[in-house]
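# sequence unknown, structure follows:
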Ligand SMILES: N#Cc1c(N)ncnc1-c1cnn(CCN2CCOCC2)c1
């Protein structure tokens, strides 16, 4: 296991894997997804934690799963620790609000990305080739341009810490060896993104792009997995600050990015050194942004 995350792992549980922010455990025939309070910026996982980030993003995921249940089934059994199996009860206070008990799936090894706006790796390819994952796009697009219609830009999963490999739809279909599944992944990804984008825009938040993971139940049913539509799996922009042609303001990470990019941090992003610890005011302002995103999207108070 990656030693960087070993201090986070709950000893006594059957740890399977860790991502930058979350950890996966086996619980009988099921799985437990646990979200930490860690935050990443500029491709680093920061030393500083954002209090309640794991709880906020887990509860946001659960809200989205409920909003989307008529469109697509999902892998969640429960996010209520009181309903968790007996073996988890000794850990329930540590797990409360930040964990999801999920069905074990046969995962599709594709990052299913939908883009409604052009930025990041999609923009980089466009600037070279006027395409995104091989899909021709109109001329004249800039950073943050809204696309006429959302596009499906799949990526093949990379090892932890590496960037995923953007591939064309045709290449993805060939590499998973199932054109019918490839078409299903594309249709579902775009339908779910479109629904979510509408919901977010009604609440003043631009869902610029997002990454879904899918898996199959034993009977073959394709279901939505992992976390969904959080600021960790998506780009959230405040709609009232959207201005194509420049780097957009991140709804949740802008305070962190601005401070790390400022002389106050003493950090050189081009150096090979990890970012410094964040000042408490940046931590608290960032926490407030996660709470604000949750409350604006769900209409509920975070407690
Ligand atoms: N979700 C889910 C899921 C599921 N329901 N069934 C089987 N496997 C997975 C699963 C395996 N790896 N991931 C990627 C996401 N992470 C990796 C490491 O740490 C945390 C998250 C997903």
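That came through fine. Remember, it's a predicted structure, so these values are computed and weren't measured experimentally.
# now do the buried residues in the helix or strand residue 150 falls within.
Assigning secondary structure by DSSP states H and E places residue 150 in strand 146-152. Going by neighbour count (16 or more other Cβ atoms under 10 Å), the buried part of strand 146-152 is 147, 150-152. Where C-beta positions appear, they are placed from N, C-alpha and C, glycine not excepted.
# residue contacts, the nearest residue to residue 227 once chain neighbours are set aside?
Nearest non-adjacent residue to residue 227, counting by Cβ to Cβ, 6 or more residues apart in numbering: residue 61, 4.4 Å away. Applying Cβ atoms under 8 Å, 6 or more residues apart in numbering, we find residue 61 in contact with 100, 227-230.
# please list the residues of the stretch 201-303 of the chain that sit near the ligand.
When proximity is defined by Cβ under 6 Å from any ligand atom, the stretch 201-303 of the chain lies next to the ligand at 213, 215, 225-226.
# and the furthest pair within those?
Spanning the widest gap among those are 215 and 226, at 8.6 Å by Cβ to Cβ.
# would you turn the contacts of residue 61 into JSON lines with neighbour count, secondary structure and pLDDT?
Shown next, in JSON lines, are these (neighbours: other Cβ atoms under 10 Å; DSSP: H, G, I helix; E, B strand; the rest coil; pLDDT from 0 to 100):
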{"residue": "100", "neighbour count": "24", "secondary structure": "strand", "pLDDT": "98"}
{"residue": "227", "neighbour count": "25", "secondary structure": "coil", "pLDDT": "98"}
{"residue": "228", "neighbour count": "25", "secondary structure": "coil", "pLDDT": "98"}
{"residue": "229", "neighbour count": "29", "secondary structure": "coil", "pLDDT": "98"}
{"residue": "230", "neighbour count": "24", "secondary structure": "coil", "pLDDT": "98"}
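# where do the strands sit along the stretch 201-303 of the chain?
205-212, 214-216, 222-224, 234-238 (DSSP state E, counting those that start in this stretch).
# packing partners of the second one?
In this structure, strand 214-216 makes packing contacts with strand 106-107, strand 222-224, judged by 3 or more Cβ pairs under 8 Å, 6 or more residues apart in numbering; DSSP states H and E.
# partners of the shortest one, with directions?
Strand 106-107 has the following sheet partners, assigned by DSSP bridges: strand 214-216 (antiparallel).
# what's the average pLDDT for the strand it pairs with?
Averaging pLDDT along strand 214-216 gives 98.
# what sits against residue 50?
37-39, 283, 286-287, 290.
# ok, so what distance separates it from residue 222?
Applying Cβ to Cβ, to the nearest Å, the value for residue 50 to residue 222 is 33 Å.
# doesn't residue 106 make contact with residue 216?
Yes - using Cβ atoms under 8 Å, residue 216 is in contact with residue 106, at 4.6 Å.
# could you find the closest non-adjacent residue to residue 45?
Sequence neighbours aside, residue 20 is the residue nearest to residue 45 in space, at 4.9 Å (criterion: Cβ to Cβ, 6+ apart).
# again, but for residue 164
In space, and not counting its chain neighbours, residue 164 is closest to residue 155: 3.6 Å by Cβ to Cβ, 6+ apart.
# which strand residues bridge that neighbour?
Going by DSSP bridges, residue 155 forms beta bridges with residue 111, residue 166.
# mean neighbour count added to the strands of the stretch 201-303 of the chain, as CSV?
Listed next are the strands of the stretch 201-303 of the chain as CSV, based on neighbours: other Cβ atoms under 10 Å:
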stretch, mean neighbour count
strand 205-212, 24
strand 214-216, 19
strand 222-224, 20
strand 234-238, 23
